[in-house]
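# Let's see this in three dimensions:
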Amino acid sequence: MRCPFCGNLEDRVVDSRELAEGSQIRRRRECFRCGRRFTTYERLEEVPALVVKRDGRREPFDRSKVLAGLLRACEKRPVGLRELEEAADLVEAAVNRKDEREIRSEEIGQILMEQLRKLDQVAYVRFASVYRRFEDVEQFLVELEKLRSSPRG
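Numbering: from 1, shown residues only. Sure thing, here's the model as predicted:
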């Protein structure tokens, strides 16, 4: 592993931990040359899953797109990056658990809506407005009323 600080190729592993239900390993490393520490993540390489979009197009599953959508929904909200990464991990785990290598974008959206509903109600409504393609204020009000009338979590 190349040190991101000095470029040296020799390091030692200080700590290893399993993440995401064992499908990922986090390693803390220390560079032999500069002595600085850095973190690497290892993931099992698999046949990529395809996301089936609403219009029928298929594209490879991209965890970074999921995380980007969550970040947009939670912009200027008190939701930590760790919580958003955990939500993205849940989506990725759901994709990897499926026997077939395709998942509908609607399934991904539902998982994310459930997680956002637990994390932050404003972010939930923001995400729902895009995901459900709200076109007028009435649709917002209907969604807000559903949110108010159901127990949180």
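# isn't R77 right next to Y124, touching?
No - using Cβ atoms under 8 Å, R77 is not in contact with Y124, being 10.0 Å away. In short, each C-beta sits where N, CA and C put it, glycine included.
# low-confidence ranges in this protein?
Applying pLDDT under 70 to the chain picks out residues 45-47, 131, 134, 136, 140, 151-153.
# who's sitting farthest from the centroid in it?
R33 (34.4 Å; Cα atoms, centre = their mean).
# okay, which residue is most central for the chain?
A88 (1.8 Å).
# Name the nearest residue to D89, ignoring sequence neighbours.
Spatially, and ignoring its direct neighbours in sequence, D89 is nearest to A20 (4.7 Å; Cβ to Cβ, 6 or more residues apart in numbering).
# ok, the one you found - how many residues close by?
Burial measure for A20: 19 neighbouring residues, criterion other Cβ atoms under 10 Å.
# Tell me who's in contact with it.
89, 92-93 (Cβ atoms under 8 Å, 6 or more residues apart in numbering).
# quick one on the thing from earlier: and the residue nearest to the centre of the chain, what is it in contact with?
Counting by Cβ under 8 Å, 6+ apart, A88 makes contact with 63, 66-67, 70.
# Domain-wise, how is the protein divided?
11-43, 50-149 (automatic domain parsing).
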